[in-house]
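Chemist: got a predicted structure plus its sequence, pasted below:
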Amino acid sequence: MYLVENIALALAALKANKMRAMLTMIGIVIGIASVIAIVSIGNSLTASITTTMESMGANSIIVSIRERGSNEFGVGGGGPPGMAGASAAVPEESDLLSDEDIETFMARFSDRIETISLSYGIGSAKAQEGRLYANVSLTGVNAGYAKANNVELVAGRFMAEKDIKAVKKVAVVSDRLVSNMFTAGTDPLGQEVKIYSSDSIETYTIVGVYKYEASAFMPSSVSEKDTITNFFLPISLAKQDAATKNYQMFTVITKTGVDAALFTEEIENYFAKVYENNTKWEAGTMNMESAISNMTSMLSTVSIAVAIIAAISLLVGGIGVMNIMLVSVTERTREIGTRKALGARSSYIKAQFIVESVIICVIGGIIGIIMGLLIGALGASLLGFPAIASPAIIAISVSVTVLIGIFFGYYPANRAAKLDPIEALRYE
Amino acid sequence: MSEIMIDIRNLVKKVFIGSPNELQILKNITITINKGEFVSIVGVSGSGKTTLMNVIGALDRPTSGEYILDGETIQKMSDNELSDIRNKKIGFVFQTFNLIPRNSALKNIELPMLYAGMNRHQRMQRAKELLELVGMSERMHHLPNELSGGEKQRVAISRALSNDPAIILADEPTGALDSVTGRVVMDLFHKVHETKGTTVVLITHNHELAEETQRILTIKDGSIVDEKRNPHWILGKKRGEMNVFS
């Protein structure tokens, strides 16, 4: 009903009281901006954590040997009283899983296991050639490691079974190392790298290059050049001189279509039998899929909770709008009387004031959305995550501002509509 | 078709100021005003003339009695029906002009037509014609606070005429004006009355102004105490004395 005229009227009324209109809008602006900013930051946080965790392998199950009861507080602790602090306990070689244990396990579940990822860290070192250098962390890996950890190759190949069997001195290095150590345009494949560790100098031949990706969890504080990247070698080579040859942990990659949660349980039961007679140690399992879903649901709960708190400021903003609309109705009592005398029905007067209140809220809402997106983008970039603006939340915000406008404008508008024209005309 | 424009019979208006106290403001009033008449209702303040005007203007309902305006029975109408009657049948002219402050002269005149549902183009067209009629064409885009009192009242008269009302109801239209501009406004009423044949009801306490009209009704303590025809009334006679429009 007369919508165009009402909008024009409302804009004229706001223009006549610019300062007041702006101050009234601030409440709505702050409310909408904070909700949008929080939701955007929450979204990008969730998305980037999920991606990181997925890159660790959604279809992977981690099996690790841990002290009995270490994650079940006070339950079943078989350790003698002297064993204070779980970290102090070091498993014996016999408590850990040998290559044979793992092979038996693989054979048992071969229908569901695609591969197994093993790694064996032997500490950090430095690749050096004249003045060129690169910091590395020496890690022995098997062929399945790449799959479980989403190693993305940019050149050559990953570690293969034959390298491991033959204990070859080959390496898969990061693109960072390549750019640090070789002049641009050099084909790194087949090149040799000298690795200086505390007690030896070894030379390896590069067979593959992978793309280095910074972890979202551990933002690097050192410069790009000094970043420590993984230097993969055959696991057999890494273990050659090590005192312990057994594994404390390995990762199972399931075949596609396998119910990871169910399989995790079976694995847990399997290793429970294996460790039946071990009083100190047991095998624990962790499924990345459930870890991810736990993490994301926790994050979204937190961001919803914070957004609800922010939404309270919207309520305060709405009350501010109502307050100013009441003032406006009182100020314009005579005008309302005149309009009624000229034949405006009550419904028209009501519509006029509701439209005005909705316009205040929508303008405030639009400013708030823009500010919220900017703050969200800024916050996400400060935290180092990509900013994710959700179109749904923008649409919701616009509808919410319209609803706030109607809700908080209704009472003042109704009051205006119900004014007795005689009283209103007489109002000074 | 009846020649009667306003037919008020045994009209009573009571105001309740808490039972059992009630104030009878209008007592059994009977008035008949014919189409095309220029009538004045005269009374001192507190005589009930404003209440009578509110009832005639369909702003208020009588407590009892009958009010027929241009063939329509007013006293039983709903609020929306009263709004529509005010919109289409009545043109108000107030002592204090009551122009909408943020609207230009043109927009003010368009307002009753807007409420009547007339389209934008027609409204504008007609508003311009009406401004022309009152000699305010050059001021059409001015806001009320950029106009003098006399100019405001001329815009208000244009606005009152916009929906071609059955009656013009003018409540002390010259009360806030000096005598010269007051004269201009009165002449304008005469001009409208003559050229358009609109029924005009002038409510005033000023006997001199009342003398210019065709018939004078005097209200006192809520009753019509005197009614006289103006023996000197000749159409346009008064206008000749100080004609600012020819």
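Modeler: Here it is on my side, so go on. Numbers count the residues shown, from 1 in each chain, chains lettered A, B, ... in the order given.

Chemist: give me the neighbour count for the residue of chain B found nearest chain A.
Modeler: Closest contact between chain B and chain A, by CB to the nearest CB, is at B:Asn87 (2.2 Å). No exception for glycine: its C-beta is placed from N, CA and C like everyone else's. By the criterion of other CB atoms under 10 Å in any protein chain shown, B:Asn87 has 26 neighbours.

Chemist: where does it fall, secondary structure wise?
Modeler: Element membership of B:Asn87, judged by DSSP states H and E, is helix B:79-89.

Chemist: right, and the helix or strand after that helix?
Modeler: Note on helix B:79-89: by DSSP H and E, the next helix or strand toward the C-terminus is strand B:90-93.

Chemist: which residues of chain A lie near chain B?
Modeler: Residues of chain A lying near chain B by CB under 8 Å from any CB of the partner chain: A:2, A:5, A:12-13, A:16, A:334-335, A:337-348, A:421-422, A:425.

Chemist: pull out the buried residues from these.
Modeler: Neighbour-count burial (16 or more other CB atoms under 10 Å in any protein chain shown) applied to those gives A:2, A:5, A:13, A:334-335, A:337-346, A:348, A:421-422, A:425.

Chemist: buried ones in stretch A:257-276, by neighbour count?
Modeler: Residues A:Val258, A:Ala260, A:Phe263, A:Thr264, A:Ile267, A:Glu268, A:Tyr270, A:Phe271, A:Tyr275 are the ones in stretch A:257-276 that count as buried (16+ other CB under 10 Å).

Chemist: and B:Arg126, what does it touch?
Modeler: B:Ile109, B:Met113, B:Met118, B:Ser162 (CB atoms under 8 Å, 6 or more residues apart in numbering or on different chains).

Chemist: and the residue of chain A nearest chain B?
Modeler: Counting by CB to the nearest CB, chain A gets nearest chain B through A:Gly343, at 2.2 Å.

Chemist: does that residue touch B:Ala116 like I think?
Modeler: Yes: between A:Gly343 and B:Ala116 there is a contact under CB atoms under 8 Å: 6.9 Å.

Chemist: overlap in contacts of the two?
Modeler: Common neighbours of A:Gly343 and B:Ala116 (CB under 8 Å, 6+ apart) are B:Asn87, B:Lys88, B:Asn163.

Chemist: how close does the second one get to B:Leu82?
Modeler: Just to be clear, that refers to B:Lys88. 11 Å (CB to CB, to the nearest Å).

Chemist: what's the answer for the last one, then?
Modeler: Computed as CB to CB, the B:Asn163 to B:Leu82 distance reads 15 Å.

Chemist: and the helix or strand harbouring A:Val321, how far from the chain's centre?
Modeler: Using DSSP H and E, A:Val321 maps to helix A:288-331. Put simply, helix A:288-331 sits 21 Å off its chain's centre (CA atoms, centre = their mean, to the nearest Å).

Chemist: please apply the same query to stretch A:115-123.
Modeler: 26 Å.

Chemist: identify all contacting residues around that stretch.
Modeler: A:60, A:102, A:106, A:137-145, A:147-149, A:197, A:235, A:238-239, A:242, A:247, A:250-253.

Chemist: how about 7 Å then?
Modeler: Here stretch A:115-123 makes contact (CB atoms under 7 Å, 6 or more residues apart in numbering or on different chains) with A:102, A:106, A:137-142, A:144-145, A:147-149, A:197, A:235, A:238-239, A:242, A:247, A:250-253.

Chemist: quick check on the residues you listed: which are buried?
Modeler: Applying 16+ other CB under 10 Å to the contacts of stretch A:115-123 flags A:102, A:138-142, A:144-145, A:147-149, A:235, A:238-239, A:247, A:250-253 as buried.

Chemist: mind checking which of those residues land in strands?
Modeler: Among the buried ones among the contacts of stretch A:115-123, DSSP state E puts A:Leu138, A:Thr139, A:Gly140, A:Val141, A:Phe250, A:Thr251, A:Val252, A:Ile253 in strands.

Chemist: and which of those is nearest to A:Phe158?
Modeler: Using CB to CB, A:Val141 comes nearest to A:Phe158 of those, at 8.2 Å.

Chemist: and that closest one, what is it in contact with?
Modeler: A:Leu118, A:Ser119, A:Met159, A:Phe232, A:Ile235.

Chemist: again, only using 6 Å
Modeler: Taking CB atoms under 6 Å, 6 or more residues apart in numbering or on different chains as the criterion, A:Val141 is in contact with A:Ser119, A:Met159, A:Phe232, A:Ile235.

Chemist: which residue sits closest to the last one in space, ignoring its chain neighbours?
Modeler: The shortest distance from A:Ile235 to any non-neighbouring residue, by CB to CB, 6 or more residues apart in numbering or on different chains, is to A:Gly140 (3.9 Å).

Chemist: ditto for the third one
Modeler: Of all residues not flanking A:Phe232 in the chain, A:Val172 sits nearest, at 4.2 Å (CB to CB, 6+ apart).

Chemist: convert the helix or strand harbouring that neighbour to PDB, retaining C-alpha atoms only.
Modeler: Assigned by DSSP H and E, A:Val172 belongs to strand A:170-174. Listed next in PDB are the C-alpha coordinates belonging to strand A:170-174 (Å, rounded to 0.1, in the frame of the first residue of the first chain):
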ATOM      1  CA  VAL A 170      67.500 -42.000  -2.000                       C
ATOM      2  CA  ALA A 171      65.400 -39.100  -0.900                       C
ATOM      3  CA  VAL A 172      62.100 -37.300  -1.500                       C
ATOM      4  CA  VAL A 173      62.600 -33.600  -0.700                       C
ATOM      5  CA  SER A 174      60.400 -30.500  -0.500                       C
END
